[in-house]
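S.K.: here is a sequence together with a model predicted from it:
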Amino acid sequence: MFDTAREIIGTQPILAVFLAIGLGYLVGQINFGGFSLGVGAVLFVGLAIGAFAPKSQITGPIALTGLTMFLYGIGILYGRQFFEGMSGAAGRKYNLLALVAVVASLAVALGLGRAFGIKLGHTLGLYAGSLTSTPTLQAALDAMHNSEPSIGYSVAYPFGVIGPILCIYFMTRRVKPKFPPKAQRFHMAEITLGESSAGHTLRDLGMGLPADVQVTTVRKGHQNIVPSVDMVLASGDGVMIVAEDQGSIAAAASHLGKLEPGRILKDRSALDYIRVFVSKANLVGVPLAKLPLPAGFPTHLLHVRRYDMDIVPSDDLTLEFGDRVGVLMPPERRDEIKRHFGDTVKSAAEFSYVSLGIGMVLGVLLGLIPIPIPGVGTVTLGIGGGPLIVALIVGRLRRTGPLLWVMPLPANIVLRNFGLSIFLAAVGINAGQPFVKTVSETGMTMLLIGAAVLLTTVLIVLLVGYYLMKIPYDDLVGVASGATGNPAILVYSTRMAPTERPDIGYAMIFPSMTIVKVVAVQIAALVATSGAG
């Protein structure tokens, strides 16, 4: 029976890959005191399959294709946040801290590897696994031209996930940070105008309002109408406003008149409210100030809901596939509004395969460009760096003429998780047989080296960042998550610091440190090779 299973798995590589993915996700859901391997379990199931059926080697570009999908999805998702973060002093400071930590951990890996007689390929794999970086693993595989890095990666990976979580847990208990409650970012109110507002245009009144306040509807003569900046208002008229901050609502009411709810929302005879899905490509990636709206009747965008977040519309906000927009329009025009925006939930899974293909081609080509390092040799960004950089750039651009670069979050998650699963399954299957042999000989030593590498990174970020650089704690755990890389660490960080800042810190750090790790292992391999020669 076992021989038959080995033969089937060994001669059917696609079967082996999907067996590793299916069983890997099943194992990854097992929870031990709040810790689970998640997608990382695919690697370990792949190792088990490779050890059980040594003939089941995965050849061809399937693994690299999966890695490229993963990196491209990451870059597209975080492009805007990454460049916005790098343009500020805080972003540069956070990246410098992460850089020091990541380079120091590589020095620890190389030093301990040499001291304990660990092969260079295993050492580079330990470095990649400790920081749970699949692009770094691929760079190490390319540099060593064998499967040794996969073995080191597999040994170090589990502690690479649980180690940062434990460090953040104990650090949080020690410093006991305080965070304000999560603020709602969409507030709405109706105001009846006082005598001081009479005779003024909406433009004039808007100049005295907080920056985040927008007037969405005006009520004149017992009828709701779409506002215009030249509209002259009178005492007793009503306005409906939206704002990001509750305090802005109070300030606007004090400036304009008094809060008086119920006059506008209850009357839908002239203007009705409808929510529709954005599913037409010509509306995506266009700033709201330039967004085409149906002609011939008044319409106004009141509100945008993106996944689980409500957003106040602004002139520079761009819509994405799957957004739900709240529109004010005459009630008899509901069908026209639905046709204009598309209004199909299928948009949450749609994106341009043309831009995806072009972006990945550009990324692979960028990864082939040789980069001379004086006194060392030539390195390349490779599959681990080229697609990521291109994706960051086009993710920041979002749209170039007719080409729409971004994709809905659900589609992005599927793309990158499926790509990562394919990569981990193929790497694990190919390394299964040598993994058993190596771990039986030097497994404990390699495990301890991996732990030392991981702790070097996390402790430098947490201790130096908190005590010397005085980085706010919610930013700090985001930096630590980005430097170590695994999304599970970010999820835990947001539980310890329940604000949006860990996500922003992760977006600023993860892409740049991924590129640093990819280039660093290539330089380390070149230096070691030239030194041995």
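M.R.: Good, I have the coordinates.
S.K.: how much space between the closest residue to residue 358 other than its chain neighbours and residue 306?
M.R.: In this structure, residue 358 finds its nearest non-sequential neighbour in residue 403, 7.2 Å apart by CB to CB, 6 or more residues apart in numbering. For glycine as for every other residue, the C-beta is placed from the backbone atoms N, C-alpha and C. From residue 403 across to residue 306, the span is 22 Å (CB to CB, to the nearest Å).
S.K.: any idea which element residue 508 lies in?
M.R.: Assessed by DSSP states H and E, residue 508 sits inside helix 501-532.
S.K.: sorry, slip of the keys, the one I care about is residue 170.
M.R.: Assessed by DSSP H and E, residue 170 sits inside helix 148-175.
S.K.: with residue 276 instead?
M.R.: strand 272-277.
S.K.: quick one: average confidence on the helix or strand following that strand?
M.R.: Next in sequence after strand 272-277, counting helices and strands by DSSP H and E, comes strand 300-306. Mean pLDDT, strand 300-306: 78.
S.K.: which parts of the helix or strand that comes right after strand 300-306 are buried?
M.R.: Using DSSP H and E, the next helix or strand after strand 300-306 towards the C-terminus is strand 309-311. The neighbour-count check on strand 309-311 (16 or more other CB atoms under 10 Å) flags 310-311 as buried.
S.K.: which outside residues touch stretch 243-254?
M.R.: 183-187, 189, 191, 209-210, 212-214, 241, 259, 312 (CB atoms under 8 Å, 6 or more residues apart in numbering).
S.K.: report the distance from it to the chain centre.
M.R.: Relative to the centre of its chain, stretch 243-254 is centred 32 Å away, using CA atoms, centre = their mean, to the nearest Å.
S.K.: what about the helix holding residue 170, distance to the chain center?
M.R.: 20 Å.
S.K.: buried set for that helix?
M.R.: So helix 148-175, judged by 16+ other CB under 10 Å, has buried residues 148-165, 167-168, 171-172.
S.K.: and that helix with helix 501-532, angle?
M.R.: Between helix 148-175 and helix 501-532, the angle formed by their directions is 140 degrees, by axes from the mean of the first three to the mean of the last three CA atoms, to 10 degrees.
S.K.: looking at the contacts of stretch 243-254, state which has the most neighbours.
M.R.: With neighbours defined as other CB atoms under 10 Å, the most crowded of those is residue 191; it has 25 neighbours.
S.K.: other SSEs contacting the longest helix along the chain?
M.R.: Criterion DSSP state H: the longest helix present in the chain is helix 409-459. Contact analysis of helix 409-459 by 3 or more CB pairs under 8 Å, 6 or more residues apart in numbering; DSSP states H and E lists helix 13-28, helix 41-52, helix 62-86, helix 89-115, helix 120-130, helix 134-144, helix 148-175, helix 473-484 as its packing neighbours.
S.K.: which of those sits most buried?
M.R.: Across those, averaging neighbours per residue (mean count of other CB atoms under 10 Å) puts helix 120-130 on top, at a mean of 30.
S.K.: would you list the phi and psi of residue 193?
M.R.: phi -70, psi 140 (degrees, to the nearest 10).
S.K.: identify the residues contacting the residue lying closest to residue 163 once chain neighbours are set aside.
M.R.: Nearest residue to residue 163 in three dimensions, chain neighbours excluded: residue 454, at 4.5 Å (CB to CB, 6+ apart). Counting by CB under 8 Å, 6+ apart, residue 454 makes contact with 105, 130-131, 156, 159-160, 163-164, 484.
S.K.: give me that answer again for 6 Å
M.R.: 130, 160, 163 (CB atoms under 6 Å, 6 or more residues apart in numbering).
S.K.: what sits against the first one?
M.R.: In other words, residue 130. Residues in contact with residue 130, defined by CB under 6 Å, 6+ apart, are 156, 160, 450, 453-454.
S.K.: state the pLDDT value of it.
M.R.: 91.
S.K.: buried residues, stretch 249-260. List them.
M.R.: Of all the residues in stretch 249-260, those buried under the rule 16+ other CB under 10 Å are 249, 251-253, 255-257.
S.K.: now, those residues that are in helices?
M.R.: Mapping the buried residues of stretch 249-260 onto helices (DSSP H) picks out 249, 251-253, 255-256.
S.K.: of the contacts of residue 454, closest to residue 289?
M.R.: residue 160 (45.3 Å; CB to CB).
S.K.: wait, the closest one sits on residue 132?
M.R.: Yes - counting by CB atoms under 6 Å, residue 132 is a contact partner of residue 160 at 4.3 Å.
S.K.: where does this structure have low pLDDT?
M.R.: Along the chain, the model assigns pLDDT under 70 to residues 32-37, 181-185, 296-298, 307-308, 347-350, 375-377, 488, 491, 530-533.
S.K.: contacts only, for residue 27.
M.R.: By CB under 6 Å, 6+ apart, the residues touching residue 27 are residue 41.
S.K.: how far away is it from residue 482?
M.R.: With CB to CB as the criterion, residue 27 and residue 482 are 26 Å apart.
S.K.: and for residue 219?
M.R.: Counting by CB to CB - residue 219 and residue 482 are separated by 48 Å.
S.K.: now do residue 294
M.R.: 43 Å.
S.K.: and if you look at residue 412?
M.R.: The value you get for residue 412 to residue 482, if CB to CB is used, is 18 Å.
S.K.: check residue 320 too.
M.R.: 23 Å.
S.K.: and if you look at residue 226?
M.R.: In terms of CB to CB, residue 226 sits 44 Å off from residue 482.
S.K.: could you look up the SS state of the closest residue to residue 248 other than its chain neighbours?
M.R.: Of all residues not flanking residue 248 in the chain, residue 210 sits nearest, at 4.0 Å (CB to CB, 6+ apart). Residue 210 carries the three-state label coil when classified by DSSP: H, G, I helix; E, B strand; the rest coil.
S.K.: related to what we said a few turns ago, quickly name whichever of the contacts of residue 454 is closest to residue 136.
M.R.: The closest of the contacts of residue 454 to residue 136 turns out to be residue 130 (CB to CB; 9.8 Å).
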